[in-house]
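Novice: Got a sequence here, can you build the structure:
(one chain, ligands or ions: 3)
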Amino acid sequence: MKSYHLTTFGCQMNEHDSERMKGMLESLGYHEAGSREEANLILFNTCSIRESADSRFIGHLGEAKRLKSEDPSRVVGVGGCWSQSMKERVFDQFPFVDVAFGPGQVNRLAEFLTSDSITAQGYFEFEGFTGHLPMRRAREFQAWVQISVGCNCVCSYCIVPSTRGREVSRPADELVAEVERLAADGVREVTLLGQNVNSYGRDLPKGHKATFAELLAKVDAVEGIERLRYTSPHPKDMREDVIRAHAELPSLCEHIHLPLQSGSSRVLKAMRRTYDRERYLDRVRMIRDIVPDCSITTDIIVGFPGETEHEFEATLEVVEEVRYDSAFTFVFSPRRGTAAAELPEQLPHAVKRPRMERLVDAVQRIAAERSQRFVGRTMEVLVEGPSRTDPERLRGRIRHNKTVNFARDVARSAEPGRLVDVPIASATSTTLAGKQRERMETDAKDSASMRNPSTDAKDSASMRADPSAVA
Ligand code: SAH
Ligand code: SF4
Ligand code: F3S
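Specialist: Ligands and ions are numbered 1, 2, ... in the order given. Below is the predicted model of the structure:
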């Protein structure tokens, strides 16, 4: 039997594409090998978002080269965004690579493997969504659903538009049918994926148009889906109907990831983000107003070319004003083919580093303070597995997307995939700690029937927020 080994880099899009690659390979009779040495097919699903992503991958590719020289019958395949952005050079620079394909061409891997081609092949077209591949999910109760591919934005620092092509939305009825299949297969939490999820639907043909808010409502209505998430929305397309959906749709979680990138309107303009600081803060105020307890998280880039000390401080001010529950922070990295890489005022590391440290300090302090609002409340936790640090304890996530480590109730088993109630005893910037509450464990059916139709998600969240509800 043939075996494969797949290493995935990058974002959830790639994680999801890898699940589809695995499903496809298994339908071709491949099984997953425990290590690269044991595999006939060595695969990488790559990312090129920052230079660090490239260099990490190149290190791994070196091992594949060595293994291929030991056994030339091994096949080396490279998919994903790095591959797409290197399409002209990949076979020249890395002649041991047998097959290379972009993110839009995952399906072509099967074509290559089932042909008797002995020469290197590259597949780099953009074709929209690459059809219905079987997928092997990492966890049976959680699934990603790709609602659109590509990105029509032109953020000046970003390589993604060139690696994933123009935005193409999948029809809403097709997506709902996919979610229904997933729910029937045991999925309880769905995350909708797109580079810009909330511009969804604008490209659909007349008669099939749907807004992102309408899609959310349709997915929420699918029986068995307890939790609905999405990533990433763009602040320019964050409309009131979507924010209201968080208050109205029972499954839509109290968490919005709203990438800021910079708090300076001048820098935002140079980034071609098409919103300014005020417009961003206005969206945040609307979220706070309509969904007061919502977690807000973000992405921030430090050291964009020409960023002054004053402009960096504008980012710190927005961080203090919004009070994020967490933030991914990145040092600007010039990417091949992007406009920002060509800007003259590239900042030295000696400027970028200390700014990053100051930003991380602020983000962590505020995140730790924000976490304290959960202490004393009983939170609904979707169990994901054993705690990473203490196998005696369990780990899961609350609707607000914070990780919780908790002691299991000895009398009851809390299997991965179940919803349990956990009173929160303490909190740090990244995790909460608690103990599973006796007899309050619920499974999908219990919690659905416990849900009073007259109370929406917001009521039930605020009911749990009542300290008197804590056992
Ligand atoms: N489509 C998503 C995210 C794409 S990449 C969105 O727009 O929100 C994830 C994050 O990586 C971005 O939000 C940005 O903060 C960061 N990023 C992208 N390109 C970068 C670069 N050249 N240097 C540093 N960070 C970058
Ligand atoms: Fe990149 Fe901007 Fe598109 Fe996000 S919205 S993928 S940052 S171009
Ligand atoms: Fe994702 Fe990296 Fe591509 S972040 S879209 S895999 S460049």
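Novice: Quick check: residues of the stretch 101-250 of the chain near ligand 1?
Specialist: 157-158, 160, 195-196, 232, 234 (C-beta under 6 Å from any ligand atom). Glycine gets a C-beta too; all of them are placed from N, C-alpha and C.
Novice: So which of these sit within helices?
Specialist: Val160 (DSSP state H).
Novice: Now render the residues of the stretch 101-250 of the chain next to ligand 1 as TSV, adding distance to ligand 3.
Specialist: Converted to TSV, those look like this (distance: C-beta to the nearest ligand atom, whole Å):
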residue	distance to ligand 3
Tyr157	12
Cys158	8
Val160	5
Gln195	7
Asn196	11
Ser232	10
His234	14
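Novice: Filter the residues of the stretch 101-250 of the chain next to ligand 1 down to the buried ones.
Specialist: Neighbour counting with 16 or more other C-beta atoms under 10 Å marks 157-158, 160, 195-196, 232, 234 as buried within those.
Novice: Relative to Ile243, which of those is nearest.
Specialist: Nearest to Ile243 out of those is His234 (C-beta to C-beta; 13.9 Å).
Novice: unless I'm mixing things up, the closest one is touching Asn196, no?
Specialist: Yes: between His234 and Asn196 there is a contact at 4.5 Å, judged by C-beta atoms under 8 Å.
Novice: For these two, list the residues in contact with both.
Specialist: Common neighbours of His234 and Asn196 (criterion: C-beta atoms under 8 Å, 6 or more residues apart in numbering): Cys153.
Novice: if we can go back for a sec, just put the residues of the stretch 101-250 of the chain next to ligand 1 in a markdown table and tack on distance to Glu38.
Specialist: Below are these laid out as a markdown table (distance: C-beta to C-beta, whole Å):
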| residue | distance to Glu38 |
| --- | --- |
| Tyr157 | 40 |
| Cys158 | 37 |
| Val160 | 34 |
| Gln195 | 35 |
| Asn196 | 40 |
| Ser232 | 36 |
| His234 | 43 |
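Novice: Just the CA atoms of the helix ranked longest in the chain, as PDB, please.
Specialist: What stands out as the longest helix in the chain, according to DSSP H, is helix 349-371. The C-alpha coordinates for helix 349-371 follow below in PDB (Å, rounded to 0.1, in the frame of the first residue of the first chain):
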ATOM      1  CA  HIS A 349      15.000  45.700  12.500                       C
ATOM      2  CA  ALA A 350      16.300  47.900  15.300                       C
ATOM      3  CA  VAL A 351      13.200  50.100  14.900                       C
ATOM      4  CA  LYS A 352      10.700  47.300  14.300                       C
ATOM      5  CA  ARG A 353      11.700  45.000  17.100                       C
ATOM      6  CA  PRO A 354      11.300  47.400  20.100                       C
ATOM      7  CA  ARG A 355       7.900  48.600  18.600                       C
ATOM      8  CA  MET A 356       6.800  45.000  18.500                       C
ATOM      9  CA  GLU A 357       7.800  44.500  22.100                       C
ATOM     10  CA  ARG A 358       5.800  47.500  23.200                       C
ATOM     11  CA  LEU A 359       2.800  46.400  21.300                       C
ATOM     12  CA  VAL A 360       2.900  42.800  22.700                       C
ATOM     13  CA  ASP A 361       3.200  44.200  26.200                       C
ATOM     14  CA  ALA A 362       0.100  46.300  25.700                       C
ATOM     15  CA  VAL A 363      -1.900  43.500  24.000                       C
ATOM     16  CA  GLN A 364      -1.000  41.000  26.700                       C
ATOM     17  CA  ARG A 365      -1.800  43.300  29.600                       C
ATOM     18  CA  ILE A 366      -5.200  44.200  28.100                       C
ATOM     19  CA  ALA A 367      -6.000  40.600  27.200                       C
ATOM     20  CA  ALA A 368      -5.300  39.500  30.800                       C
ATOM     21  CA  GLU A 369      -7.600  42.200  32.100                       C
ATOM     22  CA  ARG A 370     -10.400  41.400  29.600                       C
ATOM     23  CA  SER A 371     -10.200  37.700  30.600                       C
END
